[in-house]
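1. structure, please.
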Amino acid sequence: METRAHHLLIGSFMLAFLVLIVAFVLWLGKTEVDREVARYNIYFSGSVAGLGVGGDVRFNGIKVGSVSQILIDRQDTSRVRVIAEVAGDTPIREDSEATLQLQGITGVSFVQITPGSREAAILPVVAGRDMSKYPTIRSRTSAIEALFEAAPDLVTRAAQVLSDENLQNLGGFIADLRSLSQTLVQRQDAIAGAVDSFAKTSTDIAKAAAAAEQIAAKLDRVMDQAEGTLRNANQLLQVDGAAAAQDARKAMAQLNELLTALNVVIDENRVPLNAMTTDGFGEFRRLMAETRILVSSLARVAQRLEDNPSAVLFGNRDAEYRNEGGSGRR
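-> Here you go, the predicted structure:
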């Protein structure tokens, strides 16, 4: 009776365990169904070394999905077709771009998707497993791809640079450099003297340059003064010169009018003027001689008035007295 009870308990436990497993599977399946997943095609030109199935797909640096498949494009074998599964609410737009990025120094790559512009439309989410209907995200060459593409060329160039001839030349250059350094060490005193002389010469050159700069400044001032003088002279010639020329023209016009009037007067009095030049000059000469005599007489009278005015006014009484006295005595 007790053994039968144990079997019933174990059977009930196993039945309950199976029910829980079925419920968990149903819950997990429902979760997967509820989670909307968007799938996109990305075509990369060249190698996608470092990228594998399950690799990260990041949107602006944030992981939003993973790589579900990596295929060779049958229509263009130089391209690699990558199927990316991301969360359905990821805002991937028509101008978003996908690039391969290197994750650290491990050599593992991931797909980086840029957000694109706000004006661009968001790519639709396509349900189902038909890959030909998945929207395509544009790709561009990343630094990793450029590095992988340029790597063979870089290796070739490095091999050319490190050829035997170049290595031999490099060895000779190093030997020459060692010899030059030894020579410099042996002649360091002479070099120090040359450096000091160069420093002194540089100082002299600096002084000469400063003097030249001062001379140039003085020349500038002189040129400014000369320019101002020329400007003033030009203004004087343009303004004052014009006024002087106008005054001269006015004076010449007045002189011309005066000469014209004088000619008229001469023409109108030509006869009296001829008589005056013939007879008038003789009369004028006699008049001047009599005038000269009259002036001499007036000068003598003035002198006598100055010397003895009473004798001039009342006569010479002293001579009369002397004449009267002299008569008495006789």
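2. longest single helix anywhere in this structure?
-> In terms of residue count, the longest helix belonging to the chain (DSSP state H) is helix 188-235.
3. just give me how far that helix sits from the chain centre.
-> Remark: helix 188-235 is offset 26 Å from the chain centroid, using Cα atoms, centre = their mean, to the nearest Å.
4. what's the mean pLDDT across that helix?
-> Helix 188-235 comes out with an average pLDDT of 86.
5. look up how far Val57 lies from Val48.
-> Separation of Val48 from Val57 (Cβ to Cβ, to the nearest Å) stands at 13 Å. Just so you know, the C-beta spots here come from the backbone N, C-alpha and C atoms, and that holds for glycine as well.
6. again with Gln168
-> 52 Å.
7. in terms of neighbours, single out the busier of these two.
-> Using other Cβ atoms under 10 Å as the criterion, Gln168 and Val57 rank with Val57 on top: 24 against 10.
8. which secondary structure elements does the helix or strand hosting that one contact?
-> Using DSSP states H and E, Val57 sits in strand 56-59. Counting contacts by 3 or more Cβ pairs under 8 Å, 6 or more residues apart in numbering; DSSP states H and E, strand 56-59 is packed against strand 62-72, strand 79-87, strand 108-113.
9. can I get the ones you listed in TSV with distance to Leu219?
-> Below are those laid out as TSV (distance: least, Cβ to Cβ, whole Å):
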stretch	distance to Leu219
strand 62-72	71
strand 79-87	74
strand 108-113	67
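10. format those strands as JSON lines; extra columns: mean pLDDT.
-> Formatted as JSON lines, the helices and strands packed on strand 56-59 follow (pLDDT from 0 to 100):
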{"stretch": "strand 62-72", "mean pLDDT": "93"}
{"stretch": "strand 79-87", "mean pLDDT": "92"}
{"stretch": "strand 108-113", "mean pLDDT": "91"}
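11. out of those, nearest to Asn41?
-> strand 79-87 (6.2 Å; Cβ to Cβ).
12. next, the buried residues of the helix or strand following the closest one.
-> Under the assignment DSSP H and E, the closest C-terminal helix or strand after strand 79-87 is strand 97-103. Within strand 97-103, the residues scored as buried using 16 or more other Cβ atoms under 10 Å are 97-101.
13. which of those sits closest to Gly61?
-> Gln101 (9.3 Å).
14. measure Val25 to Ala16 for me?
-> Counting by Cβ to Cβ, the gap from Val25 to Ala16 is 15 Å.
15. Val126 now?
-> 42 Å.
16. likewise Arg74?
-> From Arg74 to Ala16 the distance is 52 Å (Cβ to Cβ).
17. swap in Gly46?
-> 57 Å.
18. ditto for Ala98
-> Distance from Ala98 to Ala16, by Cβ to Cβ: 49 Å.
19. also Asp89?
-> Note on Asp89: its distance to Ala16, by Cβ to Cβ, is 38 Å.
20. repeat that for Asp224.
-> Taking Cβ to Cβ, one finds Asp224 at 111 Å from Ala16.
21. now do Val301
-> 184 Å.
22. do the same with Ser78
-> Taking Cβ to Cβ, one finds Ser78 at 58 Å from Ala16.
23. kindly report the same for Ser109.
-> 47 Å.
24. tell me which of those two has more neighbours.
-> Ser109 (23 against 10).
25. contacting residues for the closest residue to that one other than its chain neighbours?
-> Spatial nearest neighbour of Ser109, excluding adjacent residues (Cβ to Cβ, 6 or more residues apart in numbering): Gly50 at 3.5 Å. Listed by Cβ atoms under 8 Å, 6 or more residues apart in numbering, the contact set of Gly50 reads 100, 102, 107-109, 144.
26. kind regards, and thank you for your time.
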